[in-house]
Structures are given as C-alpha cells and as structure tokens.
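**Q** Whatever this is, show me its structure:
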Amino acid sequence: MRFALAQTNPTIGSLQANAASIATMIDKARDLEADCVLFPELAVCGYPPKDLLLQGGFLDACEEAADRIAAEHSRDITIILGVPRSVRDSSGRRVGIVNSLVAYRDATRLAAYDKRLLPTYDVFDEDRYFTPGSRAVTIDVPGRAGMVRLGLAICEDLWRGEDAGFAARYADGPDPIDELAGLGCRAILSASASPFVLGKGERHVAILQKHAQKHNLHVVSVNQVGGNDDLIFDGRSCVVGPDGRVITRAPAFETALVCVDLPLTQSKTGVVSTITAPDRTAAAISAARLAGAGHRHDEAISDDEQLFHALVLGVRDYLGKTGFKSALLGLSGGIDSAVTAAIAAAALGSGNVLGVSLPGPYSSEHSKADAYDLAQRLGMRCITIPIGPSFDGAVAAIDPAMKALNTATLGEKLPDLAEENLQSRLRGTILMALSNRTGAIVLTTGNKSELAVGYCTLYGDMNGGLAVLSDVTKHWVYRLARFMNEQHTRLGFAKPPIPAGSIEKAPSAELRPNQTDQDSLPAYDVLDEILSRYVERHENASQIIAACAGRAGFDDATVRRVIRLTDLSEYKRRQAATGLKVTGVAFGTGRRMPIAQGWKSP
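**A** Next comes the predicted model:
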C-alpha cells in the first residue's frame, strides 16, 4: 500500500486557506498514486484552536469544510483528516466536542475516531474543550494487494505523556495502541500536532519504535509543522517498520508530502519518495513524480541547528499569520540583539528588518560600532536615534517632583535604578513610535535568563510584540551565535552574521558607567543551571544546593536569591510579549504561577 504523509502548516481558524492546502496535498498524493493520505491532528482548523472551539458556528464550519474537501477530492483515494466535531444527543443538541480523525473515500465517510487520551499539562488544556473517545476504530482500505486494516490514533494516544515526563497520569488507563493491535491492524496511522521542544524529537522516534516492535506492525505518524503563537511545530513525520527501523522521516520545519510504499509484512522494506516545499506552502509543491528511492530526511540534526530553524520558523509564521510584513528592533551592540536580528533577517529577509541604534549617556563606542557592523553583515538598514536629549529632558522634569516628594534626587546618585529604567523606557517608547509609523512589529531581545530574574524593564526593553529569545538562556544565545557564524553559508548568510565584539565582550545593559550584568547577577553558567533546575525540573532550593554541592557559585545565598528573584518577577513576565517556546518549560502558557503568593522554597 502506498501511503502519503501530508505534513501541513495550517493557520488556526483560517478554514478556507487550510482547506485549499489540504486539497492541494490530496491532489498531489493522487498524482503519486497514493492509496491513502494522512493529515495532522485538527488539520482543518489548525492546532491549538483554544476557545475558538466555543465560538458559535466554528465547529459546524469545521465539519462542513472537511465534508466539502471529501466531496471534491476523495475520488479513488482514502483521506484521513483531523477535525473537531460536535457530540449530539438524540434530539440533536450539542453535548460535547471531540478531537477526531475522519476517514473518507469516494465522497463517503468511512469512520470517525475520537481521541481518547487528552493531555492537560504544560501548554495543553484539552480537557477544557474535548470529551475523550471511548473506543478503538479501524478502517479497511483498498491497497494494491487487497483490503488492508488500519488503526487510527491521535497524538497522545501514542505518546501517553512519555515524551514530556507525564506518563504516570495514564498508568491506570487503557492503552489505545494495545487495543488497535488486538483488532488485527497491519499499520497504525497517527495524526499529531506535537510542539517542538529541544530533544523531544528523538524521544518521539523511540516511542514509535517501541509500539512497532511490541505489536509487530508499521507505525505511520504525521505531525503538524509551522508556528502558531508561542508554539512551533517541527513536522518530522515518521514511518517505522515492525523491526523498529525508521523507514523515512519528513524534513524538519518544512511543509512536505512524503509517499512511502509499505508491503505490510515484516520482511520487506519500504520504498520512499518525497516532495518538499521549502517555502512551507502547499501550493508551491512540485507536481513532478519522483522516481526510485527518492530523498531521505532522517539524518541527525544538531540541537544548534534545530534551535536556529525553530526560531526562524517561529518568527516567520508569527508575522505572516498575524499580518505583519516587517520587523524592527533596538541594536545595542550586545549578543542578544545581534542574535535576534540575525534570526529575523533569516526569517523575513534583511530588507524587511530595521535596526535602531539608541545610544544613551553610558553607551560605549564599541557597542555603537558593533551595532552597525551587525547591520552591515546582515545587509539590513540601521538608523541612529540618540536618547540623550530625551533623557535630559525627562530627568529635568522628574527631579523637581523627586525633591517635592522628599526623596533622593537623581542628581545625587548617578544613576539610580529609576534613572537606569528611564533610559530603557525611553528606548522602548521610541521603538513603539517607529512601529506605529512604519507598521513593523517590534521584536524584544531579552533572553530567558534575564526574563527569569527580572533583569529587564517593564515598558522599556520588554516593549514589543514578539519575544524571540524568551525561552533561550544566555548560554544558548552564545552557542547559537557561534553556530550561526560557523555555519553561515549553509544557513543562508553571506558572511558570519555576529560581530566578534558582540560575542567576546562582557555583557552589559550600559545604563550606568562601567556596568556589567555580573554586577547584579551570578555568572551566567551558574544562573542558567539554577534556573534550569528550578523552572524546568521543579527542584527546590535545598535540592539544587545539594545537587551542586562543592561547585563554585552554588552557595545557599546565591541559589535562594535567584529563586526569590524568579518568583518576584512573575508580574513582569505576565506582561511580557508572546515568546517562542523551545524548551520543556517556557515562561508562558505552560508555566502558571501565582503573582501574589507567599510560598518560600525550602
């Protein structure tokens, strides 16, 4: 049987555009003589639709779109679509919603399977919307050698929380894959919308291999690709044989249609053909038939390269799907703004990114030079707007009020925290004014390490519409900068994009004379490990201190101070721009901490 894996990039709620992409994929699959084409979870509406599912008319429109696709495009091919559906009682009244896979052939609905395991952890909240399915569903599909029984599954039905450390929540429940195997399936077809997290891809493959070998069958898994708000989906759809061998993987971070011939016996291998769309739009897929074994996409991808492509895709899709055509950002000459600018240039083209140098009273000459060096390397425009006059005027306006309030004046202690934040807020105000005039979105440049401990200014450097590096620690920012420089040609840069000065100099906000980040923060290698343990692994202070005993920088006072700063900064993060998630726990929808709270880490 020839299967087509349709790795699509939907826009949430854009039913007409999504349906057009699906239809194009089906027609290409038919041209390649596929017997069956499988689409990702909720492909018709995009994942995650969130409260759109509760809007009047949305579910009906989704089901109508799926039925219309089937009526017009399912001739001589079995199509399996992810779509939300209404559950109705005998009187026709809606009593629930299900996350479904619906199979069609020749304009006829063959079956519908409702997702049984509903993840409710990290960024997932499916119990809020969906009623779990209660039964296994198989379909008999005509292949080249007769009818073949296939089992239908959706995402968590296979992963069972194992990929994210939440397997215990399903320990006492039924295993949907065990039940499908017991019904005589020759292959399991799984539709997923599983967000990208560094390191999770290989865990997914291992889980697929476990199922395939345990039940002596093929597993065909399709994953969504693209960026939707804070989530990034990497695709990398996969077919695994009964012996655990990976027969093929679709490309990462690209729309693709992959066809594979499976004899559905244990002894033979699959013959693979692939069509990819580098610009990630289904309409751009070539109609040419690929002969022979085709292209393979199962080569290992380094973490550095995965992170780069994930962030590029996240920026490109966030702007594209929200209607922005260009971006601007402040260029300080530091490492964070340099990496953010390089990612934006790779995502949007350098002509669509504007850099703004905003030198203040304490900005160094080398920082200003590095900002322009970066812009020249990327081929992007950079303008300079000094904040000195605005700063002097603001200080002159505020000083009398400070004296009237009987507080220390700004002039007595240069600069105090208020004056430092004032510089940042003036920069943020200017960037937002440029955004209003140009229609470009402002990209914030702060990293996860800074955002964690509040080393950022509300309504200042936190101003903007998208926080590109908010889930990337300082360690990874430097690592990504070096990777982009080393691999610049392969990544599409004309020259190494990051100036050496931005990498080598001590990081500094330059808001007072001779300032460095380490005046206020522990060394970043220490800070990042404490944050990783506290935020991502949920370790308390005592556990962190014990685990790092004897290591410089992990003393009791430092660990507890970092944790306290992280807790105190929750109110800032709640007001931060949407950030792209690339780790197991990001500051955003997956981490829900109270602001007003009195818990102290033991």
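**Q** Give me the buried positions along the strand or helix carrying residue 313.
**A** Counting by DSSP states H and E, the element that carries residue 313 is helix 303-322. Residues of helix 303-322 classed as buried: 304-321 (neighbour count, 16 or more other Cβ atoms under 10 Å). Yep, even glycine has a C-beta here, placed from its N, CA and C like the rest.
**Q** same check, this time on stretch 62-70
**A** 62, 63, 65, 66, 67, 69, 70.
**Q** For those, give me CSV that also has secondary structure and pLDDT.
**A** Compiled in CSV, the buried residues of stretch 62-70 are given as follows (DSSP: H, G, I helix; E, B strand; the rest coil; pLDDT from 0 to 100):
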residue, secondary structure, pLDDT
62, helix, 97
63, helix, 96
65, helix, 97
66, helix, 97
67, helix, 96
69, helix, 97
70, helix, 96
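**Q** ends of stretch 36-51, how far apart?
**A** 32 Å (Cα to Cα, to the nearest Å).
**Q** Distance from that stretch to the middle of the chain?
**A** Computed by Cα atoms, centre = their mean, to the nearest Å, the chain-centroid distance of stretch 36-51 equals 16 Å.
**Q** Check which residues of that stretch are buried.
**A** For stretch 36-51, using 16+ other Cβ under 10 Å, the buried residues are 36-49.
**Q** Next: stretch 189-208.
**A** Neighbour counts over stretch 189-208 (16+ other Cβ under 10 Å) mark 189-198, 200-201, 204-205, 207-208 as buried.
**Q** what's the closest of those to residue 337?
**A** residue 198 (22.4 Å; Cβ to Cβ).
**Q** rewinding a little: just the C-alphas of the helix holding residue 313, formatted as PDB.
**A** What follows is helix 303-322, C-alpha atoms only, in PDB (Å, rounded to 0.1, in the frame of the first residue of the first chain):
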ATOM      1  CA  ASP A 303      20.500  20.800  18.700                       C
ATOM      2  CA  ASP A 304      22.100  24.100  17.500                       C
ATOM      3  CA  GLU A 305      20.600  23.700  14.000                       C
ATOM      4  CA  GLN A 306      17.200  22.700  15.400                       C
ATOM      5  CA  LEU A 307      17.100  25.700  17.600                       C
ATOM      6  CA  PHE A 308      18.000  28.000  14.700                       C
ATOM      7  CA  HIS A 309      15.400  26.700  12.300                       C
ATOM      8  CA  ALA A 310      12.700  26.600  15.000                       C
ATOM      9  CA  LEU A 311      13.200  30.300  15.900                       C
ATOM     10  CA  VAL A 312      13.400  31.300  12.300                       C
ATOM     11  CA  LEU A 313      10.100  29.400  11.600                       C
ATOM     12  CA  GLY A 314       8.500  30.800  14.700                       C
ATOM     13  CA  VAL A 315       9.300  34.400  13.700                       C
ATOM     14  CA  ARG A 316       8.300  33.900  10.100                       C
ATOM     15  CA  ASP A 317       5.000  32.400  10.900                       C
ATOM     16  CA  TYR A 318       4.100  34.700  13.800                       C
ATOM     17  CA  LEU A 319       4.500  37.700  11.500                       C
ATOM     18  CA  GLY A 320       3.000  36.000   8.400                       C
ATOM     19  CA  LYS A 321      -0.100  34.700  10.300                       C
ATOM     20  CA  THR A 322      -0.800  38.000  12.100                       C
END
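**Q** Output the contacting helices and strands for the following helix or strand past that helix.
**A** The helix or strand immediately downstream of helix 303-322 is strand 327-330, counting by DSSP H and E. Under the contact criterion of 3 or more Cβ pairs under 8 Å, 6 or more residues apart in numbering; DSSP states H and E, strand 327-330 touches helix 335-348, strand 353-357, helix 417-438, strand 441-444.
**Q** Can you tell me what sits against the third one?
**A** Judged by Cβ atoms under 8 Å, 6 or more residues apart in numbering, the contacts made with helix 417-438 from elsewhere in the structure are 326, 328-330, 354, 356, 358, 360-362, 385, 387, 390-391, 394-395, 398, 410, 415, 440-442, 457, 459-465, 509, 511-512.
**Q** Quick one: mean pLDDT over that helix.
**A** For helix 417-438, the mean per-residue pLDDT is 94.
**Q** re the thing from before, any of the contacts of helix 417-438 buried? List them.
**A** Among those, those classed as buried by 16+ other Cβ under 10 Å are 326, 328-330, 354, 356, 358, 360-362, 385, 387, 390-391, 394-395, 410, 415, 440-442, 457, 460-465, 509, 511-512.
**Q** OK, contacts around the residue lying closest to residue 130 once chain neighbours are set aside?
**A** In this structure, residue 130 finds its nearest non-sequential neighbour in residue 99, 4.9 Å apart by Cβ to Cβ, 6 or more residues apart in numbering. By Cβ under 8 Å, 6+ apart, the contact list for residue 99 reads 41, 42, 82, 84, 114, 115, 118, 126, 130, 154.
**Q** Just among these, which is most surrounded?
**A** residue 82 (31 neighbours; other Cβ atoms under 10 Å).
**Q** helix, strand or coil for that residue?
**A** Following DSSP: H, G, I helix; E, B strand; the rest coil, the label given to residue 82 is strand.
**Q** gap between it and residue 60?
**A** 17 Å (Cβ to Cβ, to the nearest Å).
**Q** tell me the centre residue of the chain?
**A** Centroid check for the chain by Cα atoms, centre = their mean gives residue 232 as the closest residue, at 2.3 Å.
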